[in-house]
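# Quick one, fold the following:
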Amino acid sequence: MNPIETLGLALGAGFSSGLNLYATIATLGLLQRFGVLHLPPKLQVLSHPWVLGIALALYLLEFFADKIPYLDTVWDAIHTFIRPPAAALLAYAAAGGAAPEWRWGAALMAGGIALTAHGTKASARAAVNASPEPLSNWALSFGEDVLAVWLTWMATAHPLATTIIVAALVALSAFFLYHLFRFARRAFQRLLAP
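So this is what the prediction gives:
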């Protein structure tokens, strides 16, 4: 893989892992398995039947857990410690042919991007859980799944475009998180005011 392809894969898989790690791994594995793309040698293990089976089973578990209000918040809290490190590991493996400093740089960048995507997802879900109707929770969940699969595919098919898209998504996430935290702070101040 050339540096642009590696960067696109690291950023795209990093962001999509922050949304849904298991969909990202399953998508990469299936694309490799069916010959749609050729992953770097260190990532080709994702197409092994055992890895694919586990990723698909965990994806199904997450698919249903994401539809249940408050269970999705607990699931996201647990995955705060899973998604960013896994995204970093994917990027480190994707940059397998690069010098060690570039591999570590890719890992740190992908982990940070995954943490940003995950933080935005978890915050949005916590805000949506406050609404009494379940449809917004389901719509967000479906949207996250579609975005994770699409962005993973984009990272393999159009790495330069993916780099631009991820930069825009990170900026949008930062904007959203800023306003969400301001809203939460004002709500707590009103709640605690005499």
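# Quick check, pLDDT for R186.
Looking at R186, its pLDDT is 77.
# Then P134?
Listed pLDDT for P134 reads 68.
# for the longest helix along the chain, packing partners?
As assigned by DSSP state H, the longest helix anywhere in the chain is helix 159-192. Helix 159-192 sits against helix 3-33, helix 100-129, helix 135-157, with contacts defined as 3 or more C-beta pairs under 8 Å, 6 or more residues apart in numbering; DSSP states H and E. Backbone N, C-alpha and C define where each C-beta goes, glycine included.
# Can you add distance to F176 and give the ones you listed back as a markdown table?
A markdown table is the format used below for the helices and strands packed on helix 159-192 (distance: least, C-beta to C-beta, whole Å):
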| stretch | distance to F176 |
| --- | --- |
| helix 3-33 | 13 |
| helix 100-129 | 6 |
| helix 135-157 | 12 |
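# which one of these has the most crowded surroundings?
Greatest average neighbour count among these goes to helix 3-33 (a mean of 26), per mean count of other C-beta atoms under 10 Å.
# Go through the helix or strand following it and flag the buried ones.
Using DSSP states H and E, the helix or strand that follows helix 3-33 in sequence is helix 49-65. Buried residues in helix 49-65, defined by neighbour count with 16 or more other C-beta atoms under 10 Å: 51-52, 55-56, 58-59, 62, 65.
# Following element in sequence after helix 49-65, please.
helix 71-79.
# So what angle separates the directions of the following helix or strand past that next one and helix 71-79?
Counting by DSSP H and E, the next helix or strand C-terminal to helix 71-79 is helix 83-94. For helix 83-94 against helix 71-79, the angle between stretch directions is 50 degrees (axes from the mean of the first three to the mean of the last three C-alpha atoms, to 10 degrees).
# Keeping just the C-alphas, turn helix 83-94 into PDB.
This file holds the C-alpha atoms of helix 83-94, laid out as PDB (Å, rounded to 0.1, in the frame of the first residue of the first chain):
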ATOM      1  CA  ARG A  83     -12.800   0.900  20.400                       C
ATOM      2  CA  PRO A  84      -9.900   3.400  20.500                       C
ATOM      3  CA  PRO A  85      -7.200   0.800  21.300                       C
ATOM      4  CA  ALA A  86      -8.500  -1.500  18.600                       C
ATOM      5  CA  ALA A  87      -8.500   1.300  16.100                       C
ATOM      6  CA  ALA A  88      -4.900   2.100  17.000                       C
ATOM      7  CA  LEU A  89      -4.000  -1.600  16.600                       C
ATOM      8  CA  LEU A  90      -5.700  -1.700  13.100                       C
ATOM      9  CA  ALA A  91      -3.800   1.400  12.000                       C
ATOM     10  CA  TYR A  92      -0.500   0.000  13.300                       C
ATOM     11  CA  ALA A  93      -1.100  -3.200  11.400                       C
ATOM     12  CA  ALA A  94      -2.200  -1.300   8.300                       C
END
